[in-house]
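Peer 1: Quick one, fold the following:
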Amino acid sequence: MKKYLLTMVALLCLGFTMNAQVSVSADFLVSTKSKVKPDLGVSLMYLHDIDGALNIGGLVGYRQYLTKEFNANIPFMAIARYYVTGSSYGFYPQLGLGGKYYFWRKTFTILGNTNVIKGSMTQFAYSLGGGYKVSETLDLGLHFEGSGNNVNGILFRVGFGF
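Peer 2: Modelled structure (predicted):
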């Protein structure tokens, strides 16, 4: 996990000196399963412009489930984005491949004794969708995101570039 985060930090540092897009996004993920609470979080994305239309890079984020218990995940993905207009603006389809690191803490009481269970796991994750880059500072996206054990959802993302 530390390797992925260090790689993302290195890519971001490189991006400031090269032709790159760096953005911070607000993420809202609604599960496709019933009775599952949504996720709310933030992500950091780095995209390097290959030829004006094709951009590749990576994403790392943090999302918290909107529940009383502590349940969260850290998505990390390689991203490929293609701007249909041929410039780094307008409509784009996007593909992401990587993983999600899940961690949780559950508290329960049995016969008056309070117990805490902690756990974590990492699973393969993918994202397929699209969006529209309105300006240098505003990017709107809608993606289908999935990971192991059929944990799937619709991701709404509002990105702010700098």
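Peer 1: Which neighbours in the sheet does the helix or strand containing Arg81 have, and how are they oriented?
Peer 2: Under the criterion of DSSP states H and E, Arg81 resides in strand 70-82. The strands beside strand 70-82 in its sheet (DSSP bridges) come out as strand 54-65 (antiparallel), strand 90-110 (antiparallel).
Peer 1: contacting residues around that strand?
Peer 2: Contacts of strand 70-82 with the rest of the structure, by CB atoms under 8 Å, 6 or more residues apart in numbering, involve 1, 4-5, 8, 39, 41, 43, 45, 47, 53-65, 92-105, 125-127, 145. Any C-beta I mention is one placed from the backbone N, CA and C, and that applies to glycine too.
Peer 1: Restricting to C-alpha, output it in PDB.
Peer 2: Once side chains and other backbone atoms are set aside, the C-alpha atoms of strand 70-82 remain, and they are given as PDB (Å, rounded to 0.1, in the frame of the first residue of the first chain):
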ATOM      1  CA  PHE A  70     -16.100   3.300  11.100                       C
ATOM      2  CA  ASN A  71     -15.900   1.900   7.600                       C
ATOM      3  CA  ALA A  72     -13.700   3.400   5.000                       C
ATOM      4  CA  ASN A  73     -11.700   2.600   1.800                       C
ATOM      5  CA  ILE A  74      -8.800   4.000  -0.100                       C
ATOM      6  CA  PRO A  75      -9.100   3.600  -3.900                       C
ATOM      7  CA  PHE A  76      -5.900   3.700  -6.000                       C
ATOM      8  CA  MET A  77      -6.000   3.400  -9.800                       C
ATOM      9  CA  ALA A  78      -4.200   3.900 -13.000                       C
ATOM     10  CA  ILE A  79      -6.300   6.200 -15.200                       C
ATOM     11  CA  ALA A  80      -6.700   6.500 -19.000                       C
ATOM     12  CA  ARG A  81      -8.800   9.300 -20.300                       C
ATOM     13  CA  TYR A  82      -9.600  10.300 -24.000                       C
END
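Peer 1: quick revisit: just the buried subset of the contacts of strand 70-82, please.
Peer 2: Buried subset of the contacts of strand 70-82 (neighbour count, 16 or more other CB atoms under 10 Å): 4, 8, 39, 41, 43, 45, 47, 53, 55, 57-63, 65, 92, 94-96, 98-102, 104, 125-127, 145.
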